[in-house]
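Asker: make a model of this:
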Amino acid sequence: TAEAFAGEMGRELRRGTGGSLRSQWYGEAEARIEAFFRADDRAVLFLDEVDGFLKQRGGGEVAHHDERLCAVFLAELEQTKHTVLMASNLDFALDEALKSRVRTIRFESPGPVEREALWRLHLPVQMSGATDIDCARLAKLPLTGRQIKSASYKAFLRARRAAGSLTTALVEEEGAAVRA
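Answerer: Numbers count the residues shown, from 1 in each chain. Down below sits the predicted model:
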């Protein structure tokens, strides 16, 4: 979704995670956060799994270091000229000050029609057997877009390694595996 958004804007997507912004060295994490937000480009910034380091402060579960990083992050977020996208599966755990500064868009899991379109999008049509895959059957698997993308890629790799064809059954196996 972030890639599509940046693409529609005609901009590069720059990714970050809590892990890529953190550091064991005092002051380095703050410098990484500042550099991420202050880069002189027009990129769309995407931070995945922000709940990993922007948890609600003051509750005892958050270390002092994380509270300081959250404060630096919020200050940079207020000043940046970049479009910033963030993803979290635990929005209830996010810091209230962050929630007050952002607009939340909730993405529901795709339904069967959307899943079928996602399978068609992600399956490699140039591979032997790919055109015979039953995407309507695959759409019955209750997967998210990320899981469909992952299962498609893994099925492609398995078929390629075995020098075989991509089949509906193979893709279903990978779909079940990513869901587990």
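
Asker: surely Arg101 forms part of a strand?
Answerer: No - using DSSP: H, G, I helix; E, B strand; the rest coil, the secondary structure at Arg101 is coil, not a strand.

Asker: what's the burial count for Phe46?
Answerer: 20 (other C-beta atoms under 10 Å). From N, CA and C alone the C-beta is placed, and that goes for glycine too.

Asker: do Cys135 as well
Answerer: 16.

Asker: over to Leu138?
Answerer: 23.

Asker: which residues touch it?
Answerer: If you count contacts by C-beta atoms under 8 Å, 6 or more residues apart in numbering, Leu138 has them with 115-116, 119, 168, 171-172, 175.

Asker: just the strands in the chain please.
Answerer: Here the chain has its strands, by DSSP state E, at 13-17, 44-48, 84-86.

Asker: just among the contacts of Leu138, which is most surrounded?
Answerer: Top of those by neighbour count (other C-beta under 10 Å): Val171, with 29 neighbours.

Asker: any idea how far Leu54 is from Glu28?
Answerer: With distances taken as C-beta to C-beta, to the nearest Å, Glu28 is found 18 Å from Leu54.

Asker: which one of the two has more residues nearby?
Answerer: Neighbours were tallied for Glu28 and for Leu54 using other C-beta under 10 Å; the higher tally belongs to Leu54 (25 against 12).

Asker: quick one: the helices in the chain, in order.
Answerer: Along the chain, counting by DSSP state H, helices occupy 2-9, 18-21, 28-38, 64-79, 96-99, 112-122, 135-138, 145-161, 168-179.

Asker: which residues touch the most centrally placed residue in the chain?
Answerer: Central residue of the chain (C-alpha atoms, centre = their mean): Asp48, 5.2 Å from the mean position. By C-beta under 8 Å, 6+ apart, Asp48 lies in contact with 15-17, 86-87.
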